[in-house]
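# quick one: sequence and predicted model below, then my questions.
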Amino acid sequence: MSRERTQERTKRIEYVLSKRQPDLTLVLANVHDPHNVSAIYRSADAFGVEKIHLYYTDTPFPTLSGVSSASAKKWVDTQRHDDVKELVANLKSQNMQVLATSCTPSARPLSSFDLIKPTAIILGNEHRGVDPEFTGVVDAEVYIPMYGMIQSFNVSVAAAIMLSEASRQRLAAGKYDQPQYSEAVLQEKIRTWLEK
(Lines give C-alpha, C1' and ligand atoms only; values in the text may rest on other atoms or scores of the structure.)
Protein backbone atom coordinates (compact mmCIF):
# COMPACT_ATOMS: atom_id res chain seq x y z
CA MET A 1 0.00 0.00 0.00
CA SER A 2 1.42 3.40 -0.96
CA ARG A 3 2.35 5.96 1.68
CA GLU A 4 -0.42 8.25 0.40
CA ARG A 5 -3.08 5.51 0.68
CA THR A 6 -1.81 4.59 4.15
CA GLN A 7 -2.12 8.20 5.30
CA GLU A 8 -5.60 8.45 3.77
CA ARG A 9 -6.69 5.22 5.50
CA THR A 10 -5.26 6.40 8.83
CA LYS A 11 -7.15 9.71 8.57
CA ARG A 12 -10.38 7.87 7.74
CA ILE A 13 -9.96 5.55 10.73
CA GLU A 14 -9.19 8.47 13.04
CA TYR A 15 -12.28 10.31 11.80
CA VAL A 16 -14.62 7.32 12.18
CA LEU A 17 -13.36 6.48 15.67
CA SER A 18 -13.72 10.12 16.72
CA LYS A 19 -17.47 9.77 16.01
CA ARG A 20 -18.03 6.37 17.67
CA GLN A 21 -20.69 6.28 20.40
CA PRO A 22 -19.61 3.55 22.85
CA ASP A 23 -22.65 4.18 25.06
CA LEU A 24 -25.19 3.43 22.30
CA THR A 25 -25.82 -0.20 21.39
CA LEU A 26 -28.26 -2.68 19.94
CA VAL A 27 -29.19 -6.16 21.13
CA LEU A 28 -30.24 -8.64 18.46
CA ALA A 29 -32.51 -11.17 20.17
CA ASN A 30 -32.99 -14.22 17.95
CA VAL A 31 -33.12 -12.15 14.73
CA HIS A 32 -32.82 -14.93 12.15
CA ASP A 33 -32.74 -13.44 8.63
CA PRO A 34 -29.12 -12.90 7.49
CA HIS A 35 -30.18 -9.96 5.26
CA ASN A 36 -31.73 -8.22 8.28
CA VAL A 37 -28.71 -8.88 10.46
CA SER A 38 -26.36 -7.61 7.74
CA ALA A 39 -28.42 -4.45 7.29
CA ILE A 40 -28.45 -3.85 11.05
CA TYR A 41 -24.65 -4.11 11.20
CA ARG A 42 -24.36 -1.63 8.33
CA SER A 43 -26.69 0.84 10.06
CA ALA A 44 -24.83 0.39 13.35
CA ASP A 45 -21.54 1.25 11.67
CA ALA A 46 -23.07 4.20 9.84
CA PHE A 47 -24.46 5.77 13.03
CA GLY A 48 -21.31 5.16 15.08
CA VAL A 49 -22.34 2.18 17.20
CA GLU A 50 -19.27 0.52 18.67
CA LYS A 51 -20.74 -2.87 19.57
CA ILE A 52 -23.76 -5.10 18.94
CA HIS A 53 -24.88 -7.64 21.53
CA LEU A 54 -26.22 -10.99 20.33
CA TYR A 55 -28.78 -12.98 22.31
CA TYR A 56 -29.48 -16.23 20.48
CA THR A 57 -31.20 -19.02 22.40
CA ASP A 58 -33.52 -20.86 20.00
CA THR A 59 -32.37 -19.42 16.69
CA PRO A 60 -28.87 -19.93 15.26
CA PHE A 61 -26.95 -16.80 14.45
CA PRO A 62 -27.21 -16.52 10.65
CA THR A 63 -24.26 -16.88 8.32
CA LEU A 64 -23.51 -13.48 6.84
CA SER A 65 -22.24 -13.26 3.30
CA GLY A 66 -21.37 -10.52 0.89
CA VAL A 67 -18.68 -7.89 0.91
CA SER A 68 -20.72 -5.13 2.58
CA SER A 69 -21.93 -7.46 5.35
CA ALA A 70 -18.47 -8.75 6.14
CA SER A 71 -17.08 -5.23 6.01
CA ALA A 72 -19.65 -3.81 8.44
CA LYS A 73 -19.19 -6.68 10.90
CA LYS A 74 -15.44 -6.05 10.72
CA TRP A 75 -15.86 -2.53 12.15
CA VAL A 76 -18.60 -3.21 14.72
CA ASP A 77 -17.66 -5.35 17.71
CA THR A 78 -19.86 -8.26 18.72
CA GLN A 79 -20.57 -9.68 22.18
CA ARG A 80 -22.58 -12.87 22.61
CA HIS A 81 -24.88 -13.72 25.51
CA ASP A 82 -27.04 -16.74 26.34
CA ASP A 83 -28.55 -15.57 29.62
CA VAL A 84 -31.02 -12.69 29.64
CA LYS A 85 -30.29 -11.61 33.22
CA GLU A 86 -26.55 -11.56 32.59
CA LEU A 87 -27.09 -9.59 29.39
CA VAL A 88 -29.26 -6.93 31.02
CA ALA A 89 -26.96 -6.76 34.07
CA ASN A 90 -24.01 -6.24 31.73
CA LEU A 91 -25.76 -3.33 30.02
CA LYS A 92 -26.98 -1.75 33.26
CA SER A 93 -23.47 -1.99 34.74
CA GLN A 94 -22.55 0.49 31.97
CA ASN A 95 -25.36 2.80 33.20
CA MET A 96 -27.42 2.10 30.09
CA GLN A 97 -31.17 2.49 29.90
CA VAL A 98 -32.35 -0.78 28.39
CA LEU A 99 -35.29 -0.45 25.99
CA ALA A 100 -37.16 -3.27 24.26
CA THR A 101 -39.09 -2.73 21.05
CA SER A 102 -42.75 -3.54 21.63
CA CYS A 103 -46.32 -2.84 20.58
CA THR A 104 -47.87 -3.34 24.02
CA PRO A 105 -49.99 -0.61 25.66
CA SER A 106 -47.12 0.20 28.03
CA ALA A 107 -44.73 1.01 25.18
CA ARG A 108 -43.84 4.67 24.63
CA PRO A 109 -43.01 6.41 21.34
CA LEU A 110 -39.35 6.61 20.35
CA SER A 111 -39.24 10.42 20.46
CA SER A 112 -40.24 10.43 24.14
CA PHE A 113 -36.93 8.88 25.18
CA ASP A 114 -33.71 10.74 25.93
CA LEU A 115 -31.31 8.83 23.66
CA ILE A 116 -28.41 11.07 24.60
CA LYS A 117 -28.25 8.96 27.75
CA PRO A 118 -26.37 5.66 27.52
CA THR A 119 -28.86 3.42 25.72
CA ALA A 120 -29.32 -0.19 24.62
CA ILE A 121 -32.21 -1.08 22.32
CA ILE A 122 -33.36 -4.69 22.09
CA LEU A 123 -34.67 -5.83 18.68
CA GLY A 124 -36.62 -9.07 18.61
CA ASN A 125 -37.30 -11.93 16.25
CA GLU A 126 -38.98 -11.03 12.94
CA HIS A 127 -42.13 -13.06 13.68
CA ARG A 128 -42.68 -12.93 17.43
CA GLY A 129 -40.82 -9.77 18.47
CA VAL A 130 -38.86 -9.49 21.72
CA ASP A 131 -39.20 -12.68 23.76
CA PRO A 132 -41.17 -12.67 27.04
CA GLU A 133 -38.08 -13.27 29.19
CA PHE A 134 -37.17 -9.59 28.69
CA THR A 135 -40.44 -8.47 30.27
CA GLY A 136 -39.77 -7.06 33.71
CA VAL A 137 -36.00 -6.81 33.29
CA VAL A 138 -35.87 -3.92 30.81
CA ASP A 139 -36.35 -0.28 31.83
CA ALA A 140 -39.06 0.49 29.27
CA GLU A 141 -40.68 -0.55 26.01
CA VAL A 142 -40.41 1.58 22.89
CA TYR A 143 -42.25 1.78 19.58
CA ILE A 144 -41.99 3.78 16.37
CA PRO A 145 -45.27 5.62 15.61
CA MET A 146 -46.82 4.48 12.32
CA TYR A 147 -49.78 5.88 10.40
CA GLY A 148 -50.45 3.27 7.73
CA MET A 149 -52.41 0.05 7.50
CA ILE A 150 -49.32 -2.08 8.20
CA GLN A 151 -48.32 -1.72 11.84
CA SER A 152 -44.78 -3.02 11.85
CA PHE A 153 -41.45 -2.19 10.22
CA ASN A 154 -38.94 -4.73 9.04
CA VAL A 155 -36.53 -5.21 11.96
CA SER A 156 -33.57 -3.78 10.04
CA VAL A 157 -35.61 -0.71 9.07
CA ALA A 158 -36.71 -0.29 12.69
CA ALA A 159 -33.07 -0.45 13.80
CA ALA A 160 -32.07 2.25 11.31
CA ILE A 161 -34.94 4.53 12.35
CA MET A 162 -34.10 4.18 16.04
CA LEU A 163 -30.41 4.78 15.47
CA SER A 164 -31.23 7.78 13.29
CA GLU A 165 -33.29 9.32 16.11
CA ALA A 166 -30.51 8.61 18.61
CA SER A 167 -28.00 10.16 16.21
CA ARG A 168 -30.20 13.24 15.71
CA GLN A 169 -30.45 13.81 19.46
CA ARG A 170 -26.75 13.17 20.04
CA LEU A 171 -25.68 15.43 17.18
CA ALA A 172 -27.75 18.28 18.63
CA ALA A 173 -26.13 17.64 22.02
CA GLY A 174 -22.60 17.75 20.53
CA LYS A 175 -21.78 14.10 21.18
CA TYR A 176 -20.28 13.69 17.70
CA ASP A 177 -18.15 16.85 18.07
CA GLN A 178 -15.37 15.23 20.05
CA PRO A 179 -14.24 11.66 20.69
CA GLN A 180 -16.20 9.77 23.33
CA TYR A 181 -13.10 7.71 24.16
CA SER A 182 -10.24 8.75 26.38
CA GLU A 183 -7.10 9.65 24.41
CA ALA A 184 -5.39 6.42 25.47
CA VAL A 185 -8.34 4.26 24.40
CA LEU A 186 -8.70 6.19 21.13
CA GLN A 187 -5.03 5.66 20.23
CA GLU A 188 -5.24 1.95 21.06
CA LYS A 189 -8.33 1.57 18.88
CA ILE A 190 -6.64 3.42 16.00
CA ARG A 191 -3.68 1.05 16.29
CA THR A 192 -5.99 -2.00 16.33
CA TRP A 193 -8.06 -0.79 13.37
CA LEU A 194 -4.98 -0.10 11.30
CA GLU A 195 -4.16 -3.81 11.60
CA LYS A 196 -7.58 -4.93 10.30
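The structure has been received and is ready for your questions. Here the structure is a predicted model, which means the values were calculated and not measured.

# use CA for all of it now, contacts and neighbours both
Will do.

# what sits against Q21?
Going by CA atoms under 8 Å, 6 or more residues apart in numbering, Q21 touches G48, V49, E50, K175, Y176, Q180.

# any idea of the pLDDT on the fifth one?
According to the model's per-residue confidence, Y176 sits at a pLDDT of 97.

# what subset of the contacts of Q21 is buried?
G48, V49, E50, K175, Y176, Q180 (16 or more other CA atoms under 10 Å).

# which stretches of this protein form strands?
24-29, 51-55, 77-81, 97-101, 108-109, 119-123, 140-143 (DSSP state E).

# quick one, helices of this protein?
Listed in chain order, the helices of the chain (DSSP state H) span 3-19, 34-46, 67-75, 84-92, 155-172, 183-194.

# which pLDDT value belongs to the residue positioned nearest the centre of the chain?
Of all residues in the chain, the one closest to the mean position by CA atoms, centre = their mean is L26, 3.3 Å from it. Each residue has a pLDDT score; the one for L26 is 98.

# count the residues that sit near Y56.
Neighbourhood size, Y56 [other CA atoms under 10 Å]: 19.

# what's the closest non-adjacent residue to it?
N30 (4.8 Å; CA to CA, 6 or more residues apart in numbering).

# can I get the contacts of Q21 in JSON lines with distance to D139?
Formatted as JSON lines, these follow (distance: CA to CA, whole Å):
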{"residue": "G48", "distance to D139": "23"}
{"residue": "V49", "distance to D139": "20"}
{"residue": "E50", "distance to D139": "22"}
{"residue": "K175", "distance to D139": "23"}
{"residue": "Y176", "distance to D139": "26"}
{"residue": "Q180", "distance to D139": "24"}
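
# which one among the residues you listed gets closest to H35?
H35 lies nearest to V49 out of these, by CA to CA, at 18.7 Å.

# from V76, how far out is that closest one?
7 Å (CA to CA, to the nearest Å).

# same deal with N90?
The value you get for N90 to V76, if CA to CA is used, is 18 Å.

# before we move on, what about L87?
18 Å.

# if we can go back for a sec, and of the strands of the chain, who's closest to K196?
strand 77-81 (12.5 Å).

# just to revisit the earlier point, so for N90 and V76, which sits in the more crowded spot?
Comparing N90 with V76 by other CA under 10 Å, the one with more neighbours is V76, at 17 against 13.

# so that one touches D45, yeah?
Yes - at 6.1 Å, V76 counts as touching D45 under the criterion of CA atoms under 8 Å.

# any shared contact partners between those two?
With CA under 8 Å, 6+ apart, V76 and D45 have no common neighbours.

# just the closest of the contacts of Q21 to N125, please.
For the contacts of Q21, the nearest to N125 is V49 (20.6 Å; CA to CA).

# any idea what the closest one is bridged to?
Beta-bridge pairing of V49 under DSSP bridges involves Q21.

# same check on the one 4 residues further on?
According to DSSP bridges, the partner residues bridging H53 are V27, Q79.

# OK, contacts around it?
T25, L26, V27, L28, T78, Q79, R80, H81.

# I'd like those residues written out as CSV, with distance to E141 added.
Output for those, formatted as CSV (distance: CA to CA, whole Å):
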residue, distance to E141
T25, 16
L26, 14
V27, 14
L28, 15
T78, 23
Q79, 22
R80, 22
H81, 21
